[in-house]
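# Fold the stuff below for me.
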Amino acid sequence: MAAGKTLLLVAEIGPARGLRGEVRARSYTADPEALGDYGPLVSEDGRSLTVTHIQAAKAGVVVRFKEVTDRTAAEAVRGLKLYVDRDQLPSADEDEFYHADLIDLDVFGPGDALLGRITAVHEFGAGDLLDVQLADGRSVLIPFTCEVVPVVDIDAGRIDVVPPPGLLEDDTQPEGQAE
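Numbering: from 1, shown residues only. Have a look, this model is predicted:
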């Protein structure tokens, strides 16, 4: 099953933990322990998994699913991406966005110039970064802050950016030239 605009990625299952079917998981929800609040989660291959227990862990959460009862079953679901129907999620607050809503938006810079398109949103702990495929084929990471991205218009399919100096400059040197 392909994840589209109606299904949103909420977690990815990691390694098995213990012998009773628990797994480590990375939760993409605002509150990682709320993963079980959205009802059954659906995997790419159509499996439905129901959270019966969840607790915070050092690098994510530890989850027990009703359908995963032992270590062998836990090892078999490792790597599964889990989705939930968008209708099961709360509406985003003003100035908050689901990552899925940002992907594929056009990116416009100064002078309303089309710079490229958002291909992914990354979280590395210090704030979100928009991965933008530029028109020339290069990819750049743009900080998703109010200063750099003052306008997000989901309905119009665009964001406006004020890129920090040097961010969009092509720093590659032609072959044979010294720096």
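# Could you check how far Val42 is from Pro15?
Distance of Val42 to Pro15, given as C-beta to C-beta, to the nearest Å: 21 Å. All C-beta spots, glycine's among them, are computed from the backbone N, C-alpha and C.
# Of those two, which one has the most company?
Val42 (20 against 11; other C-beta atoms under 10 Å).
# residues contacting the more buried one?
By C-beta atoms under 8 Å, 6 or more residues apart in numbering, the residues touching Val42 are 1, 7, 48-49, 82-85.
# any idea where the strands of this protein begin and end?
For the chain, the strands defined by DSSP state E cover 7-17, 22-27, 41-43, 48-49, 51-57, 60-65, 81-85, 106-108, 114-123, 128-134, 139-143, 151-153, 158-160.
# Out of those strands, which is closest to Glu94?
strand 151-153 (10.6 Å; C-beta to C-beta).
# Could I get the buried residue list for the closest one?
Of all the residues in strand 151-153, those buried under the rule 16 or more other C-beta atoms under 10 Å are Val152.
# cool, stretch 36-55 as well?
36, 38, 40-43, 47, 49, 51, 54.
# Straight-line length of it, end to end?
11 Å (C-alpha to C-alpha, to the nearest Å).
# Please apply the same query to stretch 13-28.
11 Å.
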